[in-house]
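*Asks:* no letters, just coordinates:
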């Protein structure tokens, strides 16, 4: 199969997204974004945060679907707030909830969307539609109406439409929701391939997705960026400081009062705690090699303690 970038005519150019002092307060008083500063260039960029952290608000603002309360966003030389239409021409966006589908086949709907995105040459449009349906593993279902698709199939169709018309920036919000592990891997590999030449922002609460794919990432919490960098380097910053122990569930509160417990997990009926400490906390603790999830929980733990 041809490389996806050559089939989709994705050009190689350096793209830059610069976000400065971005805030968003909704009419009900909720401050969803608070002083966001980021600079993102070609490649996969992971935006990690819990549900409600402000990820979707940031994605919607970058995609020019809502205006910020203050601050600026520039994509290459375009001001996203003042020139949203220029940015939309170069944008592929897969929101968390992807719309209502008319009762027409996947092939016809994708063809219609391609026309709306300005692919007017019939041969080129047919090639792109066919290539995308193959890449997202929907070609054999191309004659079926999209509204009959399962959640995972709809998600894959959403990915296909986001990749139409040579986007230079692709935003995907919780993209692996509803996908089984095989579908998820296929999709993430596809994004990774495309990310060689364009900006791909992967917004997710799934740490694994970011760890496997993104050379750059940021953690968002309560509308603020609380950490940013290369995942491997960030994890290295807590090396030698994460300890684990199996304890009875009834003892959790005691340990939380005594130690810096960053996370708890049920393992075979017992509770495994992970503790942040420069030295061995007490007998029975084992030092472990930290992963990105440990760094994520450590960062959230430190932020909570700073505000306490």
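*Replies:* Thanks, I have it. Keep in mind that this is a model prediction, so the values were computed, not measured. Residues are numbered from 1 along each chain as shown.
*Asks:* show me the shaky parts of the chain.
*Replies:* Scanning the chain with the threshold set as pLDDT under 70 gives 1-12, 98-101, 307-308.
*Asks:* tell me the domain boundaries of it?
*Replies:* Listed by automatic domain parsing, the domain ranges of the chain are 4-230, 235-307.
*Asks:* centre of the chain to the first one, how far?
*Replies:* Spelled out, that is domain 4-230. 8 Å (Cα atoms, centre = their mean, to the nearest Å).
*Asks:* cool, and the last one?
*Replies:* Relative to the mean C-alpha coordinate of its chain, domain 235-307 is positioned 26 Å out (Cα atoms, centre = their mean).
*Asks:* so where do the strands sit in this protein?
*Replies:* Ranges of strands in the chain, per DSSP state E, are 16-25, 31-41, 43-48, 70-75, 78-79, 91-94, 169-173, 199-204, 216-221, 224-229, 242-247, 261-267, 270-276, 286-287.
*Asks:* indicate which one of the ones you listed is closest to residue 136.
*Replies:* Counting by Cβ to Cβ, residue 136 lies closest to strand 91-94 out of the strands of the chain; the figure is 11.1 Å. In this view, the C-beta of every residue, glycine as well, is placed from N, C-alpha and C.
*Asks:* and the closest one, what other elements does it pack with?
*Replies:* Applying 3 or more Cβ pairs under 8 Å, 6 or more residues apart in numbering; DSSP states H and E, we find strand 91-94 packed against helix 151-162, strand 169-173.
*Asks:* of all those, which one comes closest to residue 41?
*Replies:* Nearest of the helices and strands packed on strand 91-94 (Cβ to Cβ): strand 169-173, 10.6 Å.
*Asks:* next, the angle strand 70-75 makes with that closest one.
*Replies:* Here the directions of strand 169-173 and strand 70-75 differ by 120 degrees (axes from the mean of the first three to the mean of the last three Cα atoms, to 10 degrees).
*Asks:* list the buried ones in stretch 105-112?
*Replies:* Across stretch 105-112, burial judged by 16 or more other Cβ atoms under 10 Å covers 106, 107, 109, 110, 111.
*Asks:* check contacts around the first one.
*Replies:* Translated: residue 106. For residue 106, the contacting residues are 133, 138, 141, 142, 143, 144, 145, 146, 149, 157, by Cβ atoms under 8 Å, 6 or more residues apart in numbering.
*Asks:* quick one: the first one and residue 77, what's the gap?
*Replies:* Computed as Cβ to Cβ, to the nearest Å, the residue 133 to residue 77 distance reads 34 Å.
*Asks:* so for those two, which sits in the more crowded spot?
*Replies:* More crowded of residue 133 and residue 77, by other Cβ atoms under 10 Å: residue 133, with 20 against 8.
*Asks:* pull the number of nearby residues for residue 117.
*Replies:* Counted with other Cβ under 10 Å, residues neighbouring residue 117 total 19.
*Asks:* returning to what we had before: just put the strands of the chain in a markdown table and tack on mean neighbour count and distance to residue 192.
*Replies:* Formatted as a markdown table, the strands of the chain follow (neighbours: other Cβ atoms under 10 Å; distance: least, Cβ to Cβ, whole Å):
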| stretch | mean neighbour count | distance to residue 192 |
| --- | --- | --- |
| strand 16-25 | 18 | 18 |
| strand 31-41 | 17 | 16 |
| strand 43-48 | 24 | 6 |
| strand 70-75 | 18 | 21 |
| strand 78-79 | 15 | 26 |
| strand 91-94 | 23 | 15 |
| strand 169-173 | 24 | 12 |
| strand 199-204 | 25 | 8 |
| strand 216-221 | 22 | 13 |
| strand 224-229 | 17 | 19 |
| strand 242-247 | 18 | 28 |
| strand 261-267 | 15 | 28 |
| strand 270-276 | 18 | 29 |
| strand 286-287 | 12 | 32 |
